[in-house]
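just coords:
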Ligand SMILES: [Zn+2]
């Protein structure tokens, strides 16, 4: 377990972190108009309702953008550089930021398919938390080559 500074859950975010502890990725869903939102906010950006619940996400998405960190800004990250942080458009329509795990950062591309990956970290204060990040999806199976190509019927010429 890697020790590093950890988020401090608030009444608004504690459900997100608790779900991550169960390896579930969630976002807020408005109880009035069903719009999903992330990061957690008290008001719906669409209808201003204060009523919401946690909605479980599938954890798959596409890299919208990314950055590669080459110099650790804190000693806890010294053994991880270089690493990529990705901004992901999740399939449900919300955008989330997380560290990319398990891949050479040089392999990351805008548009790459990723899936959530949960990692547990210990903090200097003795507590531990599970944080969502992402990993590249395996390359899709190659499209099978068609064994027979149907010839296009020849056009009848009028004479
Ligand atoms: Zn709403």
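Yes, it's here. A quick note: this is a predicted structure, and the numbers were derived from the prediction, not measured.

interface residues of this structure facing the ion?
30, 32-33, 35, 44, 46-47, 49 (C-beta under 5 Å from the ion). In this view, the C-beta of every residue, glycine as well, is placed from N, C-alpha and C.

go with 8 Å
30-35, 44-49, 52 (C-beta under 8 Å from the ion).

And those residues, which of them are buried?
30, 35, 44, 52 (16 or more other C-beta atoms under 10 Å).

I'd like the distance from residue 117 to the ion, if you could.
Relative to the ion, residue 117 is positioned 30 Å away (criterion: C-beta to the ion, to the nearest Å).

do the same with residue 68
For residue 68, the distance to the ion equals 36 Å [C-beta to the ion].

Just confirm residue 8 is within a helix.
No - membership of residue 8 in a helix is not supported by DSSP: H, G, I helix; E, B strand; the rest coil, which gives coil.

number of nearby residues for it?
11 (other C-beta atoms under 10 Å).

Mind jotting down where the helices sit in this structure?
14-21 (DSSP state H).

Under the pLDDT cut-off, which ranges of it? List them.
1-2, 140-159 (pLDDT under 70).

so where do the strands sit in it?
2-3, 26-30, 36-37, 52-56, 60-69, 83-90, 95-99, 113-122, 128-136 (DSSP state E).

picking up where we left off before, quick one: which two of the buried ones among the residues of the chain next to the ion are the most distant?
35 and 52 (9.4 Å; C-beta to C-beta).

In contact with the nearest residue to residue 129 once chain neighbours are set aside, which residues?
Nearest non-adjacent residue to residue 129, counting by C-beta to C-beta, 6 or more residues apart in numbering: residue 6, 4.9 Å away. By C-beta atoms under 8 Å, 6 or more residues apart in numbering, the residues touching residue 6 are 121, 123, 125, 127-129, 131.
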